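Participant: Build me a model:
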Amino acid sequence: VQLQASGGGLVQAGGSLRLSCAHSGRTFTDYAMGWFRQAPGKEREFVAGISWSGGSLRYADSVEGRFIMSRDNAKNTVYLQMNSLKPEDTAVYYCAATLNRSWNRVDYWGKGTLVTVSS
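Facilitator: Residues are numbered from 1 along each chain as shown. From the prediction side, this is the model:
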(Lines give C-alpha, C1' and ligand atoms only; values in the text may rest on other atoms or scores of the structure.)
Protein backbone atom coordinates (compact mmCIF):
# COMPACT_ATOMS: atom_id res chain seq x y z
CA VAL A 1 0.00 0.00 0.00
CA GLN A 2 1.20 3.47 -0.88
CA LEU A 3 -0.26 6.59 0.65
CA GLN A 4 0.45 9.97 -0.91
CA ALA A 5 -0.57 13.01 1.09
CA SER A 6 -0.78 16.51 -0.31
CA GLY A 7 -2.31 19.89 0.39
CA GLY A 8 -0.16 21.23 3.17
CA GLY A 9 1.10 24.78 3.24
CA LEU A 10 1.23 28.07 5.07
CA VAL A 11 -2.01 29.67 6.24
CA GLN A 12 -2.97 32.41 8.65
CA ALA A 13 -4.80 31.65 11.86
CA GLY A 14 -8.51 31.34 11.21
CA GLY A 15 -7.94 30.11 7.68
CA SER A 16 -8.62 26.76 6.04
CA LEU A 17 -6.74 24.03 4.24
CA ARG A 18 -7.75 20.72 2.73
CA LEU A 19 -5.42 17.77 2.83
CA SER A 20 -5.77 14.83 0.47
CA CYS A 21 -4.37 11.32 0.67
CA ALA A 22 -4.36 9.00 -2.32
CA HIS A 23 -4.26 5.27 -1.60
CA SER A 24 -2.89 2.68 -4.02
CA GLY A 25 -1.70 -0.89 -4.04
CA ARG A 26 -4.50 -2.81 -2.36
CA THR A 27 -8.26 -2.67 -2.01
CA PHE A 28 -8.99 0.75 -0.59
CA THR A 29 -12.24 -0.26 1.09
CA ASP A 30 -10.47 -2.91 3.17
CA TYR A 31 -8.92 -0.13 5.22
CA ALA A 32 -9.98 2.39 7.76
CA MET A 33 -8.11 5.59 7.06
CA GLY A 34 -6.80 8.21 9.40
CA TRP A 35 -4.79 11.34 9.88
CA PHE A 36 -2.11 11.86 12.50
CA ARG A 37 0.13 14.83 13.15
CA GLN A 38 3.45 15.54 14.77
CA ALA A 39 4.41 18.98 15.97
CA PRO A 40 8.05 19.95 16.59
CA GLY A 41 9.29 18.39 19.81
CA LYS A 42 6.09 16.41 20.36
CA GLU A 43 4.95 12.86 19.80
CA ARG A 44 2.79 11.89 16.86
CA GLU A 45 -0.88 12.10 17.75
CA PHE A 46 -4.16 10.91 16.30
CA VAL A 47 -6.24 13.59 14.56
CA ALA A 48 -9.11 11.87 12.76
CA GLY A 49 -10.21 8.48 11.49
CA ILE A 50 -12.87 7.15 9.14
CA SER A 51 -14.21 3.64 8.65
CA TRP A 52 -14.01 1.82 5.34
CA SER A 53 -17.56 2.84 4.43
CA GLY A 54 -17.27 6.38 5.72
CA GLY A 55 -20.11 5.71 8.11
CA SER A 56 -18.04 6.03 11.26
CA LEU A 57 -15.89 9.02 12.11
CA ARG A 58 -13.72 9.82 15.08
CA TYR A 59 -11.87 13.03 15.95
CA ALA A 60 -9.38 14.15 18.53
CA ASP A 61 -10.91 16.56 21.03
CA SER A 62 -8.52 19.28 19.88
CA VAL A 63 -9.96 19.33 16.35
CA GLU A 64 -13.59 18.30 16.94
CA GLY A 65 -15.91 20.82 15.31
CA ARG A 66 -13.15 22.36 13.18
CA PHE A 67 -11.85 19.47 11.07
CA ILE A 68 -13.91 17.22 8.82
CA MET A 69 -12.63 13.95 7.42
CA SER A 70 -14.20 12.27 4.42
CA ARG A 71 -13.41 9.59 1.87
CA ASP A 72 -14.23 9.02 -1.79
CA ASN A 73 -14.02 5.29 -2.41
CA ALA A 74 -14.39 5.79 -6.16
CA LYS A 75 -11.18 7.87 -6.14
CA ASN A 76 -9.31 5.89 -3.46
CA THR A 77 -8.79 9.14 -1.64
CA VAL A 78 -9.43 10.58 1.79
CA TYR A 79 -9.61 14.23 2.72
CA LEU A 80 -9.16 16.34 5.81
CA GLN A 81 -10.90 19.70 5.66
CA MET A 82 -9.29 21.90 8.28
CA ASN A 83 -11.16 25.05 9.27
CA SER A 84 -10.57 27.74 11.88
CA LEU A 85 -6.93 26.80 11.99
CA LYS A 86 -4.86 27.75 15.02
CA PRO A 87 -1.10 28.12 15.42
CA GLU A 88 -1.13 24.99 17.58
CA ASP A 89 -2.33 23.02 14.54
CA THR A 90 1.11 23.53 13.02
CA ALA A 91 2.58 20.08 12.41
CA VAL A 92 3.52 17.51 9.84
CA TYR A 93 0.33 15.65 8.97
CA TYR A 94 0.49 11.96 8.11
CA CYS A 95 -2.04 9.80 6.35
CA ALA A 96 -2.48 6.29 7.76
CA ALA A 97 -4.27 3.06 6.94
CA THR A 98 -5.27 0.21 9.19
CA LEU A 99 -7.09 -3.10 8.96
CA ASN A 100 -7.88 -2.88 12.67
CA ARG A 101 -11.03 -1.62 14.31
CA SER A 102 -9.01 0.82 16.39
CA TRP A 103 -6.02 3.06 15.84
CA ASN A 104 -3.70 1.33 18.28
CA ARG A 105 -1.97 -0.21 15.28
CA VAL A 106 -1.29 1.47 11.96
CA ASP A 107 -0.49 -0.83 9.04
CA TYR A 108 0.71 1.82 6.60
CA TRP A 109 1.98 5.36 6.84
CA GLY A 110 2.26 7.96 4.16
CA LYS A 111 4.94 10.60 3.96
CA GLY A 112 3.89 13.70 5.79
CA THR A 113 2.74 17.04 4.54
CA LEU A 114 3.63 20.17 6.48
CA VAL A 115 0.94 22.53 7.71
CA THR A 116 2.09 25.84 9.16
CA VAL A 117 -0.40 28.19 10.77
CA SER A 118 0.86 31.71 11.42
CA SER A 119 -0.56 33.91 14.15
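Participant: Distance across stretch 11-24, terminal residue to terminal residue?
Facilitator: Stretch 11-24 has an end-to-end distance of 29 Å (CA to CA, to the nearest Å).
Participant: And the contacts of that stretch?
Facilitator: 1-9, 31, 33, 35, 75-87, 93, 95, 97, 110, 113, 115-119 (CB atoms under 8 Å, 6 or more residues apart in numbering). To be clear about C-beta, it is placed using only N, CA and C from the backbone, and glycine gets the same treatment.
Participant: List the buried residues of it.
Facilitator: Within stretch 11-24, the residues scored as buried using 16 or more other CB atoms under 10 Å are 11, 17, 19, 20, 21, 22, 23.
Participant: before we move on, what about stretch 105-119?
Facilitator: 106, 108, 110, 112, 113, 115, 117.
Participant: One more: stretch 69-76?
Facilitator: For stretch 69-76, by 16+ other CB under 10 Å, it's 69, 71, 76.
Participant: same check, this time on stretch 54-62
Facilitator: 58, 59.
Participant: just so I have it, where are all the strands in the protein?
Facilitator: Using DSSP state E, the strands of the chain run over 2-6, 9-12, 17-24, 32-38, 45-50, 57-59, 67-72, 77-82, 91-98, 108-109, 113-118.
Participant: Now do the residue positioned nearest the centre of the chain against residue 9, distance only.
Facilitator: When CA atoms, centre = their mean is applied to the chain, the residue found nearest the centroid is residue 35 (2.5 Å). From residue 35 across to residue 9, the span is 16 Å (CB to CB, to the nearest Å).
Participant: now, which of the buried residues of stretch 11-24 sits nearest residue 51?
Facilitator: When the buried residues of stretch 11-24 are ranked by distance to residue 51 (CB to CB), residue 23 comes first, at 14.3 Å.
Participant: Model confidence at the closest one, what's the number?
Facilitator: Listed pLDDT for residue 23 reads 94.
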